[in-house]
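Undergrad: One predicted model, sequence on top.
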Amino acid sequence: MQPSTAPRGSSRMFSSLANRDFRFLWFGSLAAAMSMQMQMIARGWLIYDMTQSPIQLAWVMLSFSLPMILFSLFGGVAADRLTKKWVTLTAQTANAASTLLLAIIVITGNIEFWHFIAFGLFNGSIMSFSMPARSAMVPEIVGDDQLVNAVALNSASMNLSRVLGPSLAGVVIALLAGGDTSSHFAVGVVFMINAALYLVSVLTLLAIKYQGHSTMLKRGSIWNDIGDSFRYIWGHELLRGLILMSFLPLLFGFPIQSLMPVFNHEMLGGGPDDLGVLMSVMGAGAIVGSFILARIGDSDRKGFTLYLTSLLWAVTLGGFALSTTMPMAITTCVLMGLVSSIFMSLHMSIVTLIIDQEMRGRVMSIMMMTFGLMPVGAVPVSYVAETAGIDVAMLGCAVGLALLTFVLLASVPELRRIDASAKAAMAQ
């Protein structure tokens, strides 16, 4: 582990970036996240143009998420058993190659709907191995004292990609399509840029000196290692509560991103550039939220902040669902991005802090499995959008998010005592 000293003054907001290896990891994460955001916009635009069906967007999302449920546990074992740097590097190289192949298929006009399903399955499988290893590297590189700051800055890189990625994708499609919304060439160029960004991520990983060798004290079979992670979580009351809490945004907060092309088209009458603006301003709000948390650092009242931001997420989502004009949609997107970013970054910081180092990869993989459950919310939400309207579907998400937040507040008392519990866990 490389020690780091927190700077004073305004530089405290970026203190973890003083660590050389974390800087390379951060820039690589930004490049990979930009690629994902650009691909999401381009893929969603082309699929909706090809099918005119919100439910088809959900099926593609399911193809990406299903491997996370099936393979994340094995990715977690790989992160704890193998060298984390090379697990991540291999996965990012595979992402670059597959994205380049998809770009060629799209540009040559040979793309069919099943291609998106196939590439979704492949990329989801790759992410099952890359994300647990990458996430477990962060605390080992920066140390516990800089972890909240580092997680917040990682969140800021993701959110910065939500600003730059959709805008760039929308502009590229609008400029190259020349008014032809079904232009395969324009979407293919976006995928070419995606592949180049994945290559940047590969190069930054090669520059990192830290290897992330295994710290497992004992090794059994793969199944025993997986079983150990579940037994570890079951015996950790606070960790159990935090994992339950991670289902809130995944079931009701995130499905709106996959359905944003539908809302943009049906409620606002927007084009690809408008869709890019909506996704970008949500990312801009999220950047502000990430920097707020990075500046505050390790503060008290974490439990209160988690519940408050979850409820505010529901309120802003409801406001967005009722939007009928672009200014109103932009305003609610900014606020929604801000509160959701604080919630997600703080939640991940607490989880990472309280996990023993030898278990981080496997616990992070279980957290990833919850991301794979996004279609559990996305598929029915897409069905409601197709039958009752996209505004009704998104308003239902807002109500569901608020109700489940109150249920957790009442039924999981450990989360209400999260500050004292987290300190006790870290002191052990």
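TA: Nice, I can see it.
Undergrad: C-alpha only now, for contacts and for neighbours.
TA: OK.
Undergrad: Is residue 155 within a helix or a strand, and which one?
TA: Here residue 155 sits within helix 147-177, counting by DSSP states H and E.
Undergrad: Show me the contact partners of stretch 401-419.
TA: The contact list for stretch 401-419, computed with CA atoms under 8 Å, 6 or more residues apart in numbering, reads 237-238, 241-242, 245, 248-249, 251-253, 300-304, 307, 310-311, 314-315, 421.
Undergrad: 10 Å instead?
TA: Residues from elsewhere that reach stretch 401-419, judged by CA atoms under 10 Å, 6 or more residues apart in numbering: 237-242, 244-245, 247-253, 299-304, 306-308, 310-315, 317-318, 350, 395, 397, 399, 420-422, 424.
Undergrad: tell me which element residue 63 falls in.
TA: Residue-wise, residue 63 maps onto helix 54-81 under DSSP H and E.
Undergrad: That helix - contacts with which helices or strands?
TA: helix 20-51, helix 84-107, helix 113-142, helix 222-234, helix 255-258, helix 260-266, helix 360-372, helix 374-387 (3 or more CA pairs under 10 Å, 6 or more residues apart in numbering; DSSP states H and E).
Undergrad: any idea how far residue 359 is from residue 292?
TA: Applying CA to CA, to the nearest Å, the value for residue 292 to residue 359 is 29 Å.
Undergrad: Looking at those two, which one has more neighbours?
TA: For residue 292 versus residue 359, neighbours defined as other CA atoms under 10 Å are more numerous around residue 359 (21 against 17).
Undergrad: how about the more buried one, what does it touch?
TA: Residue 359 neighbours (CA under 10 Å, 6+ apart): 76-77, 79-80, 136, 215-216, 225, 228-229, 232-233.
Undergrad: closest to residue 204 among those residues?
TA: Of all the contacts of residue 359, residue 204 sits closest to residue 136, with 17.1 Å by CA to CA.
Undergrad: residue contacts, the closest one?
TA: Contact partners of residue 136, counting by CA under 10 Å, 6+ apart, are 76, 79-80, 84, 212, 352, 357-365.
Undergrad: And residue 112, by the same measure?
TA: Residues near residue 112 by CA under 10 Å, 6+ apart: 47, 50, 105-106.
Undergrad: Which pLDDT value does the model give it?
TA: The score at residue 112 is 85. That number is its pLDDT.
Undergrad: any idea what sits nearest the residue most central in space within the chain, other than its immediate chain neighbours?
TA: When CA atoms, centre = their mean is applied to the chain, the residue found nearest the centroid is residue 158 (7.3 Å). Leaving aside its sequence neighbours, residue 158 sits nearest to residue 33 (CA to CA, 6 or more residues apart in numbering; 5.7 Å).
Undergrad: where are the low-confidence patches of the stretch 51-200 of the chain?
TA: Across the stretch 51-200 of the chain, the ranges flagged by pLDDT under 70 are 54, 177-183.
Undergrad: can you rerun that using 80?
TA: Along the stretch 51-200 of the chain, segments meeting pLDDT under 80 span 51-58, 61-62, 65, 144-146, 148, 159, 162-163, 165-167, 176-184.
Undergrad: Burial check on residue 65, number of neighbours?
TA: Neighbour tally, residue 65, other CA under 10 Å: 26.
Undergrad: does it really touch residue 119, like I thought?
TA: No - if you go by CA atoms under 10 Å, residue 65 and residue 119 don't touch, sitting 11.6 Å apart.
Undergrad: what residues are shared contacts of these two?
TA: In contact with both residue 65 and residue 119: residue 125, using CA under 10 Å, 6+ apart.
Undergrad: and residue 398, what does it touch?
TA: 252-253, 311-321.
Undergrad: should've said residue 191
TA: 35-36, 38-39, 42-43, 96, 99-104, 106-107, 169, 185, 197.
Undergrad: Swap in 6 Å and give it another go.
TA: Counting by CA atoms under 6 Å, 6 or more residues apart in numbering, residue 191 touches residue 103.
Undergrad: for the one 4 residues further on, same thing?
TA: Taking CA under 6 Å, 6+ apart as the definition of contact, the neighbours of residue 195 are 96, 99-100.
Undergrad: again, only using 8 Å
TA: Contacts for residue 195 (CA under 8 Å, 6+ apart) come out as 35, 95-97, 99-100.
Undergrad: circling back to that earlier point, identify the residues contacting the residue nearest to the centre of the chain.
TA: So residue 158 contacts 29-30, 33-34 (CA under 8 Å, 6+ apart).
Undergrad: could you redo the last one with a cut-off of 10 Å?
TA: Here residue 158 is in contact with 26, 29-34, 36-37, 152, 165, 283, 286-287, 290, 341 (CA under 10 Å, 6+ apart).
Undergrad: Settle this for me: residue 303 is touching residue 347, isn't it.
TA: Yes - Residue 303 is within contact range of residue 347, at 9.3 Å (criterion: CA under 10 Å).
Undergrad: thinking again about what came up before, which one among the contacts of residue 158 gets closest to residue 143?
TA: residue 152 (14.2 Å).
Undergrad: Count the residues that sit near the residue lying closest to residue 135 once chain neighbours are set aside.
TA: Spatial nearest neighbour of residue 135, excluding adjacent residues (CA to CA, 6+ apart): residue 364 at 7.1 Å. Neighbour count of residue 364, defined by other CA under 10 Å: 26.
Undergrad: Cross-check the contact I'm expecting between residue 114 and residue 60.
TA: Yes - Residue 114 is in contact with residue 60 according to CA under 10 Å; the separation is 9.0 Å.
Undergrad: joint contacts of those two?
TA: residue 120.
Undergrad: in stretch 311-329, what's buried?
TA: Counting neighbours by 16 or more other CA atoms under 10 Å, one finds that the buried residues in stretch 311-329 are 311-323, 326, 329.
Undergrad: And the furthest pair within those?
TA: For the buried residues of stretch 311-329, the farthest-apart pair by CA to CA is 311 and 326; their separation is 23.8 Å.
Undergrad: How about the contacts made by residue 221?
TA: Contacts for residue 221 were tallied using CA under 10 Å, 6+ apart; they are residue 227.
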